[in-house]
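1. how does the following fold in three dimensions:
(one chain, ligands or ions: 1)
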Amino acid sequence: MKKRSAERALQFVEEGSVVGVGTGSTVKYFIESLAGWRDRIEGAVSSSDQSTALLKKIGIPVLDLNAAGQLPLYVDGADECDGHRRLIKGGGAALTREKIIAACSQRFVCIIDAAKQVNVLGKFPLPVEVIPMARSHVARQIAARGGQPVWRDGVVTDNGNWILDVHNLEIVDPVGLERDLNQIVGVVTVGLFAARPADAVIVDGEVRA
Ligand SMILES: O=C(CO)[C@H](O)[C@H](O)COP(=O)(O)O
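-> As a prediction, this is how the structure comes out:
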């Protein structure tokens, strides 16, 4: 189902464009299908070292976002998706670059399988990227808000930071929580994509606008 969603996303790719590419096992299928478009796109902007390596392997030029400017399309997976196309992302620890590329893209197409769909976000632990020296401070602030932060020990993001996975959250106000957690000193990025949700979601190969 992940592969079907990934392949369907090709219909959004524009001839001669630069494509924003996310991270994860679903995106891996998208990158594989993008191989057929190698000569029809200018290149890709990648959200992680992992995706960069895969893109280069199939001969797609990886461009710097600052040089590429605004992108017509960003394709990425998600860990959870609600009925308003709001997402939890960051299971692969690439949330910061993913959020930056999403912010720079006209259309964000999210590719998932049906198991990722939820009514209320929060069953999947919410990833929060933190500056290493602020880990305990951020954890205390999150605990004071009722969350249960767990350090993803041993994981260092592509930006050299650490991840806290926050359990026990029933996220009834995703935009409010995203804004609130963003205010905590030491937080780099919250894995809630609510203020800027996806524009379209492909579930099991079916487009849901
Ligand atoms: O946010 C992500 C990486 O940071 C991924 O999109 C998310 O974890 C989904 O991954 P997968 O497609 O492997 O299920």
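2. least confident secondary structure element in the chain?
-> For the chain, scoring each helix and strand by mean pLDDT, DSSP states H and E identifies strand 206-208 as the least confident one, at a mean of 95.
3. quick check, Arg4 in contact with Val203.
-> No - when contacts are counted by Cβ atoms under 8 Å, Arg4 is not listed as touching Val203 (9.5 Å). Glycine gets a C-beta too; all of them are placed from N, C-alpha and C.
4. ok, the two, which is more surrounded?
-> Each of Arg4 and Val203 has its neighbours counted (other Cβ atoms under 10 Å); Val203 has more, 20 against 15.
5. verify the contact between the more buried one and Val109 for me.
-> No - look at Val203 against Val109 with Cβ under 8 Å: they stay out of range, at 11.6 Å.
6. which other residues reach the least confident helix or strand of the chain?
-> Contacting residues not belonging to strand 206-208 are listed as 8, 11, 200-202 [Cβ atoms under 8 Å, 6 or more residues apart in numbering].
7. repeat that for 7 Å
-> Contacts of strand 206-208 from elsewhere in the structure, counted by Cβ atoms under 7 Å, 6 or more residues apart in numbering, are 8, 200-201.
8. try stretch 63-78
-> Applying Cβ under 7 Å, 6+ apart, the set of residues contacting stretch 63-78 from outside is 9, 12-14, 17-22, 24, 26-27, 30, 43-45, 47, 87-89, 98, 100-102, 104-112, 116.
9. now do the end-to-end distance for it.
-> Across stretch 63-78, the straight-line distance between its terminal residues is 23 Å, by Cα to Cα, to the nearest Å.
10. related to what we said a few turns ago, are any of the contacts of stretch 63-78 buried, and which?
-> When those are checked for burial by 16 or more other Cβ atoms under 10 Å, the buried set is 9, 12-13, 17-22, 24, 26-27, 30, 43-45, 47, 87-89, 98, 101-102, 104-105, 108-112, 116.
11. returning to what we had before: out of the contacts of strand 206-208, who's nearest Ser136?
-> Val201 (36.0 Å; Cβ to Cβ).
12. surely the closest one is in a helix?
-> No - if the criterion is DSSP: H, G, I helix; E, B strand; the rest coil, then Val201 is strand and not within a helix.
13. tell me, how many residues neighbour it?
-> Residue crowding around Val201 was assessed by other Cβ under 10 Å; the count is 24.
14. partners of it in the sheet?
-> The partner list for Val201 in beta bridges (DSSP bridges) reads Cys110, Arg208.
15. wait, it sits on Arg86?
-> No - counting by Cβ atoms under 7 Å, Val201 does not reach Arg86; the two are 10.2 Å apart.
16. for this structure, which residues are neighbours of the ligand?
-> 22-26, 76-79, 89-95, 98 (Cβ under 6 Å from any ligand atom).
17. perfect, I'm done here.
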